[in-house]
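**Student:** model the structure of this input:
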Amino acid sequence: MTRKPFNLVSIDDCEWKSETGPWGSGKEAVVFEGDYGVRVGIYNVPPGFHIPAHTHTTWAAFTVLKGRMKIELEDGGTFEITAGSAYFIHPGQQHIETALEETTSVVVYDPKLEITYL
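**Tutor:** I've put the predicted structure just below:
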């Protein structure tokens with residue numbers, strides 16, 4: 001059996017790539033993508049970074065390493081996610097994400113994920 005290489009990325013020395021979209025600008029560092037139907041990235045966004053109401057075609061799991069995010073759900077639930085906390089978004093679950101301060105998160109998701117803005 002051929003072993004795959006070990007992937008290690010530190011937020012202190014990773015290769016950041018700028019990412020810009022309808023939500024604003026942030027930075028991404030890829031930890032893993034390829035086999036297994038999963039993609040792992042570290043994302044860093046500035047205070048006020050705002051992703052308007054949207055849904056995903058597949059699941060996504062988020063762990064906040066530093067900073068604070070506000071998550072607003074379609075059913076009216078609002079949550080503040082702080083460093084050391086995690087949240088899971090189900091396929092089709094409408095939500096809004098806003099960085100309350102500079103935030104760095106690990107995001108794990110299906111690479112087939114597509115976003116629909118509402």
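**Student:** for Val64, give me its contacts.
**Tutor:** 81-86, 103-105 (Cβ atoms under 8 Å, 6 or more residues apart in numbering). The C-beta positions use only the backbone N, C-alpha and C, and glycine is treated the same way.
**Student:** sitting in strands, which of these do you find?
**Tutor:** 81-82, 86, 103-105 (DSSP state E).
**Student:** from those residues, which single one is nearest Leu118?
**Tutor:** Ile81 (20.9 Å; Cβ to Cβ).
**Student:** retrieve the pLDDT associated with Asp35.
**Tutor:** pLDDT for Asp35: 78.
**Student:** repeat that for the one 5 residues further on.
**Tutor:** We note a pLDDT of 93 for Val40 in this prediction.
**Student:** beta-bridge partners for it, please?
**Tutor:** Applying DSSP bridges to Val40 yields these beta-bridge partners: Phe32, Val108.
**Student:** how about Val64?
**Tutor:** Beta-bridge partners of Val64, as defined by DSSP bridges: Ser105.
**Student:** mind putting the contacts of Val64 into CSV with neighbour count?
**Tutor:** Shown next, in CSV, are the contacts of Val64 (neighbours: other Cβ atoms under 10 Å):
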residue, neighbour count
Ile81, 20
Thr82, 14
Ala83, 14
Gly84, 9
Ser85, 14
Ala86, 12
Thr103, 25
Thr104, 19
Ser105, 24
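**Student:** could you dump these to JSON lines with pLDDT and distance to Gly26?
**Tutor:** Output for the contacts of Val64, formatted as JSON lines (pLDDT from 0 to 100; distance: Cβ to Cβ, whole Å):
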{"residue": "Ile81", "pLDDT": "97", "distance to Gly26": "16"}
{"residue": "Thr82", "pLDDT": "98", "distance to Gly26": "19"}
{"residue": "Ala83", "pLDDT": "97", "distance to Gly26": "17"}
{"residue": "Gly84", "pLDDT": "97", "distance to Gly26": "20"}
{"residue": "Ser85", "pLDDT": "97", "distance to Gly26": "19"}
{"residue": "Ala86", "pLDDT": "96", "distance to Gly26": "19"}
{"residue": "Thr103", "pLDDT": "97", "distance to Gly26": "9"}
{"residue": "Thr104", "pLDDT": "95", "distance to Gly26": "10"}
{"residue": "Ser105", "pLDDT": "96", "distance to Gly26": "10"}
